[in-house]
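Engineer: mind folding the following:
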Amino acid sequence: MYLFHVFRSFLPLHNPLGFGASDFILFGFAFLLVAGVILRAWLEPAAQRLAARPFWCMLFLFVLVVGLRLALLPMHPAPTPSGADDFSYLLLGDTLAHFRLANPANPLHRFFETTFVIQQPSYSSIYALGQGFVLAVGQLVFGQPWAGVLISMGLAAAGVYWMLRGWTGPGWALTGGLLAVCEFGPLNRWMNNYWGGAVSALAGCLVYGALPRLSDSDAKRRERAAIMLGAGVGLQMITRPYESLFLDLSVILFFLPDLRRRAEWPRLARLAYPVAIVLLPFVALQLAQDKAVTGSWTTLPYALSRYQYGVPTTFTFQPNPTPHLPLTPAQQLYYEGQAYVHGPVDTPARYFERLGSRAGFYRFFFLAPLVVALPFFVPLVRRYRYAWIFLTIALFALGTNFYPYFFPQYIAALTPLFVLVSVLALQRLSESSWSGGQVAARWLAILCAAHFVFWFFIHAQGDEAILHAMAPFETADGINWGDPEGRVAVNRRLDEAPGNQLVFVRYFSTHTYHEWVHNAADIDRARVIWALDLSPGENDKLKKRYPDRTVWLMEPDALPPRLVSYPKTHGIFEDVQ
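Structural biologist: Alright, predicted model coming up:
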């Protein structure tokens with residue numbers, strides 16, 4: 001604590017002793033490294049005992065992720081939903097929390113048109129079910145959808161350890177689990193929004209942890225591994241349907257040497273049976289969602305949105321879609337923006353240029369010190385078992401490169417493999433014939449821990465002045481803080497208002513990609529209803545439908561965003577009070 005009080009006293013950069021913020025970063029790292037070396041004699045034996053007990057180790061990692069993020073709540077509360085993706089996923093979670101896969105279309109749906117939400121033939125999110133389930137669990141059990149995000153991140157960290165136990169020893173598996181906490185834990189963007197990433201990562205843990213266990217000498221353990229494999233494949237299918245194709249292909253690639261030997265076919269067939277049985281409920285869920293949302297067993301909600309609204313845009317080898325419904329100005333903005341990024345039908349030159357430009361996104365999966373160790377993984381690819389890891393990563397990279405856009409959650413299923421690569425690189429460095437290899441591997445691990453602990457305490461103890469001053473030095477600021485869009489203040493004002501509320505959203509001509517029209521699964525019973533400001537006459541239709549609600553006008557493009565009582569006059573930019 002004292003260190004950060006001292007740190008605060010020397011900000012801003014110029015001070016009587018001549019130290020700046022970058023100097024205190026160095027001081028902080030030095031302090032944490034020295035502390036790590038001092039504590040090593042106590043920590044290593046305790047860690048070794050814990051690593052050998054899988055259940056307690058997984059529980060420890062789960063509690064560590066959840067507990068660390070909860071400790072940050074005073075400075076970084078549950079994230080405020082922001083943007084079309086967040087709102088669409090929250091609608092999906094709320095729909096599932098009502099124990100249904102879709103909601104009835106609203107007769108006045110023109111007021112509720114927004115991005116990534118279908119209004120007809122049902123009122124539904126366009127996204128697959130996986131992330132929605134964890135949000136629904138959070139809402140039903142804890143009254144807060146974000147609690148589901150916390151749980152999924154904890155399960156993913158525990159899953160990384162379980163996956164690694166199939167590939168390496170207990171100590172290195174725990175090391176990988178702790179690295180996952182540092183990289184994908186409380187400070188990561190997956191933890192601090194509603195888009196997700198952890199559910200797909202957990203699917204990857206189940207699949208890639210099951211594969212080496214399928215060769216176990218014990219028949220019961222092989223059967224359990226096959227069940228986990230089926231669960232992972234199914235979970236990925238209902239979370240990232242397109243990327244699930246590459247997960248499935250990677251499983252086939254893993255067994256490619258066995259498939260070349262006919263004598264192995266009966267054994268593989270016996271393993272395929274439990275996989276198929278476990279997979280069936282996931283297939284049924286996907287088909288049921290398609291039918292409930294789109295009216296067709298084989299049409300994904302995502303695909304129907306593309307047909308109706310032109311977004312999300314098609315793959316780059318397809319022409320840009322043409323909307324088949326009238327678009328609101330906000331929807332038109334999204335459509336034009338995505339169509340521009342999509343561009344004309346792809347060429348090989350554009351494809352490979354785009355592939356190269358996305359290399360930086362893979363940095364998301366590696367703590368900076370681990371990059372130094374990665375070359376030690378390269379000699380391992382002489383064995384097919386490890387060359388397969390490289391082939392799987394390449395398969396995902398090439399397949400997802402047909403998206404005009406790219407975000408790390410698209411390849412979240414690879415998360416445990418990226419951690420595995422880091423762990424194997426550290427292990428090989430530690431076991432190398434070079435006399436300093438073990439010391440170097442240990443120091444790289446300590447640097448990773450020091451990096452995380454330093455930034456964790458900056459976020460835990462710092463005020464906004466410190467966070468602003470340190471922001472240029474943080475690699476990726478993934479955790480929410482402050483109120484950059486004014487949503488927190490607006491939501492607080494609506495929460496404090498008595499009774500139910502109806503908010504008309506009026507966008508200015510300067511409006512950009514910041515969606516404000518979002519609603520619960522049951523619009524009529526929601527405490528706050530957000531609606532587009534269409535015209536005074538049209539708005540009266542909605543006011544008559546909800547006569548007992550307090551009516552507001554929201555102008556999110558004003559500086560700052562402005563929430564006022566619904567005016568009696570209707571000028572576009574007038575300052576109404």
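Engineer: low-confidence ranges, the stretch 451-577 of the chain, go.
Structural biologist: Counting by pLDDT under 70, the stretch 451-577 of the chain shows low-confidence ranges at 462, 477, 568-577.
Engineer: I misspoke; the intended subject was the stretch 101-250 of the chain.
Structural biologist: Ranges of the stretch 101-250 of the chain meeting pLDDT under 70: none found.
Engineer: quick one, strands of it?
Structural biologist: Secondary structure of the stretch 101-250 of the chain (DSSP state E, counting those that start in this stretch): strands located at 103-104, 117-118, 122-125.
Engineer: and the last one, what does it pack onto?
Structural biologist: When contacts are defined as 3 or more CB pairs under 8 Å, 6 or more residues apart in numbering; DSSP states H and E, strand 122-125 packs onto helix 84-97, strand 103-104, strand 117-118, helix 265-294. Every C-beta, even on glycine, is put in place using the N, C-alpha and C of the backbone.
Engineer: need the strands of the stretch 101-250 of the chain in TSV with mean neighbour count and distance to A521, can you?
Structural biologist: Below are the strands of the stretch 101-250 of the chain laid out as TSV (neighbours: other CB atoms under 10 Å; distance: least, CB to CB, whole Å):
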stretch	mean neighbour count	distance to A521
strand 103-104	18	5
strand 117-118	24	11
strand 122-125	25	8
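Engineer: sec struct for T299, please.
Structural biologist: Following DSSP: H, G, I helix; E, B strand; the rest coil, T299 is assigned to coil.
Engineer: include distance to V453 when you put the helices and strands packed on strand 122-125 into CSV, please.
Structural biologist: Listed next are the helices and strands packed on strand 122-125 as CSV, based on distance: least, CB to CB, whole Å:
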stretch, distance to V453
helix 84-97, 29
strand 103-104, 45
strand 117-118, 41
helix 265-294, 39
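Engineer: what's the closest of those to L178?
Structural biologist: Comparing the helices and strands packed on strand 122-125 against L178 with CB to CB, the closest turns out to be helix 84-97 (28.8 Å).
Engineer: tell me the mean pLDDT for the closest one?
Structural biologist: Mean pLDDT, computed over helix 84-97, is 98.
Engineer: what does that helix contact?
Structural biologist: Helix 84-97 is contacted from outside by 81, 101-103, 114-117, 124-127, 129, 131-136, 138-140, 145, 148, 193-196, 334, 513, 515, 518-522, using CB atoms under 8 Å, 6 or more residues apart in numbering.
Engineer: of those, just the buried ones, PyMOL syntax please.
Structural biologist: In PyMOL syntax, the buried subset of the contacts of helix 84-97 is picked out as below (16 or more other CB atoms under 10 Å):
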select buried, resi 81+101+102+103+114+115+116+117+124+125+126+127+129+131+132+133+134+135+136+138+139+140+145+148+193+194+195+196+334+515+518+519+520+521
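Engineer: just the contacts of helix 84-97: which are in helices?
Structural biologist: Taking DSSP state H, the ones among those that sit in helices are 129, 131-136, 138-140, 145, 148, 334.
Engineer: with distance to G166 as new columns, can those residues be given to me in TSV?
Structural biologist: Shown next, in TSV, are the ones in helices among the contacts of helix 84-97 (distance: CB to CB, whole Å):
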residue	distance to G166
L129	27
Q131	26
G132	29
F133	25
V134	24
L135	30
A136	30
G138	29
Q139	34
L140	33
P145	32
G148	27
Y334	42
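Engineer: name the nearest of those residues relative to N500.
Structural biologist: Nearest to N500 out of the ones in helices among the contacts of helix 84-97 is Q139 (CB to CB; 19.5 Å).
Engineer: what sits against that closest one?
Structural biologist: Applying CB under 8 Å, 6+ apart, the residues contacting Q139 are 93-94, 97, 145, 147-148.
Engineer: what about L395, distance to P344?
Structural biologist: Distance, L395 to P344, using CB to CB, to the nearest Å: 26 Å.
Engineer: more neighbours, those two?
Structural biologist: Using other CB atoms under 10 Å, the more surrounded residue of L395 and P344 is L395, with 17 against 9.
Engineer: which elements pack onto whichever strand or helix holds the more buried one?
Structural biologist: Using DSSP states H and E, L395 sits within helix 384-400. With contacts taken as 3+ CB pairs under 8 Å, 6+ apart, helix 384-400 sits against helix 241-254, helix 415-431.
Engineer: 6 Å instead?
Structural biologist: helix 241-254 (3 or more CB pairs under 6 Å, 6 or more residues apart in numbering; DSSP states H and E).
Engineer: contacts for stretch 193-209 next, please.
Structural biologist: Here stretch 193-209 makes contact (CB atoms under 6 Å, 6 or more residues apart in numbering) with 79, 81, 85-86, 89-90, 130-131, 134, 152-153, 155-156, 159-160, 162-163, 166, 190, 228-229, 231-232, 235-236, 239-240, 409, 412-413, 415-417.
Engineer: contacting residues around V160?
Structural biologist: By CB under 6 Å, 6+ apart, the neighbours of V160 are 176-177, 180, 205, 416, 419.
Engineer: what sits closest to it if chain neighbours are left out?
Structural biologist: Closest residue in space to V160, ignoring its immediate chain neighbours: A180 at 4.2 Å, by CB to CB, 6 or more residues apart in numbering.
Engineer: give the contact list for that neighbour.
Structural biologist: Here A180 is in contact with 157, 160, 419 (criterion: CB under 6 Å, 6+ apart).
Engineer: quick one on the thing from earlier: for the contacts of Q139, which two are the farthest from each other?
Structural biologist: For the contacts of Q139, and using CB to CB, no pair is farther apart than D94 and A147, which are 13.8 Å apart.
Engineer: mind listing what's buried along stretch 550-559?
Structural biologist: Buried residues in stretch 550-559, counted by 16+ other CB under 10 Å: 550-558.
Engineer: sweet, I'm off.
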